[in-house]
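Show me how the following folds:
(one chain, ligands or ions: 1)
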Amino acid sequence: MAFPGISGHTDVVEIRVAVSDDAETVGRLTLDVYRGNGSVGPNTDHGYLESLSDGASRIKHATVFVAEVDGELVGTITAARRGSPLSHVATADELEVRMLAVEASSRRHGVANGLVAACEQLARDDEKMAIILCTESWNSAAQSFYIQRGYQPVPDRDWTVNGTTLLAYEMRL
Ligand SMILES: CC(C)(COP(=O)(O)OP(=O)(O)OC[C@H]1O[C@@H](n2cnc3c(N)ncnc32)[C@H](O)[C@@H]1OP(=O)(O)O)[C@@H](O)C(=O)NCCC(=O)NCCS
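Below is the predicted model:
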C-alpha cells in the first residue's frame with residue numbers, strides 16, 4: 001500500500017505480522033496512542049495498562065499486525081481467537097480484533113484500513129464467519145472508521161467494564 005506522506009512524497013506502507021523484535025515498539029506505540037486519544041488516563045485499570053503495553057504477550061497469544069513506513073512502525077492491531085487471553089467476546093466462529101492504534105501523524109492515510117484488511121484476510125483463511133470488536137461508546141472516530149469499512153453495530157453484545165461502555169461491531173465474512 002502507498003500513501004502521500006506528510007513530507008509530500010509517497011511513502012510505502014508495509015503491513016506484516018509482528019515478530020518478537022517488534023514487541024517493545026508495539027507496546028509503546030499502543031500505549032502512547034491510547035494515552036493521546038484519552039482511551040487511558042489516571043483512573044485506568046492497571047491490568048489494562050499492562051496489557052496495552054505488553055506487546056510480547058500479544059505476539060505470543062494472538063496474531064499482531066504492524067504497519068511500517070520507512071522502517072518505522074506507525075500502527076498496530078491484534079487479532080485474537082476464542083481461548084486466547086486477548087479475546088473477551090469472540091465465539092469459536094469469530095476472530096476478535098483489538099488494540100487498533102495508528103500514530104497521530106500517520107492518520108487518514110489508510111493505515112488502519114490496511115491493518116483491518118489483514119485481520120479480515122486472516123479470519124477468512126481461518127474459515128471464521130465474522131470479525132467481532134468493541135470500541136468505547138465515546139470514540140466516534142473509531143466508530144466512523146469501522147462503519148465506513150462496513151462493520152455493523154451489534155447492540156445486544158455491548159458490555160461495560162470498569163464503568164466504560166463498550167459497543168460491539170461485527171463484519172460477517
Ligand atoms: C481510529 C484510527 C485507528 C483510524 O486510523 P487511520 O489510519 O487514520 O484510519 P484510515 O486512514 O484507514 O481511515 C479510513 C476512513 O475511516 C474514517 N475515519 C478515520 N478516522 C476518522 C476520524 N477521526 N473521524 C471520522 N472518520 C474517520 C474515514 O472515513 C476515513 O477515510 P477518509 O480519511 O478518506 O475520510 C486512528 O484514528 C487511531 O489510532 N485512533 C486512536 C486509537 C483508537 O481509537 N483505536 C480504535 C480503538 S477501537
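
going forward, measure contacts between C-alpha atoms and count neighbours the same way
OK.

right, and Glu120 touches Ile131 too?
Yes - using CA atoms under 8 Å, Glu120 makes contact with Ile131 at a distance of 7.0 Å.

Who has more neighbours out of these two?
Neighbour count, other CA atoms under 10 Å: between Glu120 and Ile131, Ile131 has more, with 25 against 21.

Give me the distance between the more buried one and Gly41.
Distance, Ile131 to Gly41, using CA to CA, to the nearest Å: 28 Å.

same check, this time on Asn139
As judged by CA to CA, Asn139 and Gly41 stand 15 Å apart.

next one: Asp156
Asp156 is 28 Å from Gly41, by CA to CA.

For burial, what's the neighbour tally of Gln121?
A count of nearby residues for Gln121, using other CA under 10 Å, gives 13.

err, Asn162, not the other one
When neighbours are defined as other CA under 10 Å, Asn162 has 8 of them.

ok, for it, nearest residue in space, not its chain neighbours?
In space, and not counting its chain neighbours, Asn162 is closest to Asp45: 7.5 Å by CA to CA, 6 or more residues apart in numbering.

Asp156 and Gly41: which has the busier surroundings?
Using other CA under 10 Å as the criterion, Asp156 and Gly41 rank with Gly41 on top: 12 against 8.

Helix, strand, or coil at Tyr169?
Secondary structure state of Tyr169, per DSSP: H, G, I helix; E, B strand; the rest coil, is strand.

Bridge partners for it, pull those for me.
Tyr169 forms beta bridges with Leu133, Pro153, as assigned by DSSP bridges.

Just give me the neighbour total for Ser144.
If you count neighbours by other CA under 10 Å, Ser144 ends up with 12.

again with Ser105
Count around Ser105 with other CA under 10 Å applied: 10.

quick one: contacts for the most centrally placed residue in the chain?
Centroid-nearest residue in the chain: Leu100, 2.0 Å away (criterion: CA atoms, centre = their mean). Counting by CA atoms under 8 Å, 6 or more residues apart in numbering, Leu100 touches 30, 75-78, 112.

which among these gets closest to the ligand?
Each of the contacts of Leu100 was checked against the ligand using CA to the nearest ligand atom; the closest is Ala112, at 3.8 Å.

The residue nearest to the closest one when sequence neighbours are not counted bridge partners, please.
Spatial nearest neighbour of Ala112, excluding adjacent residues (CA to CA, 6+ apart): Val102 at 6.7 Å. Beta bridges link Val102 to Gly75 when assigned by DSSP bridges.
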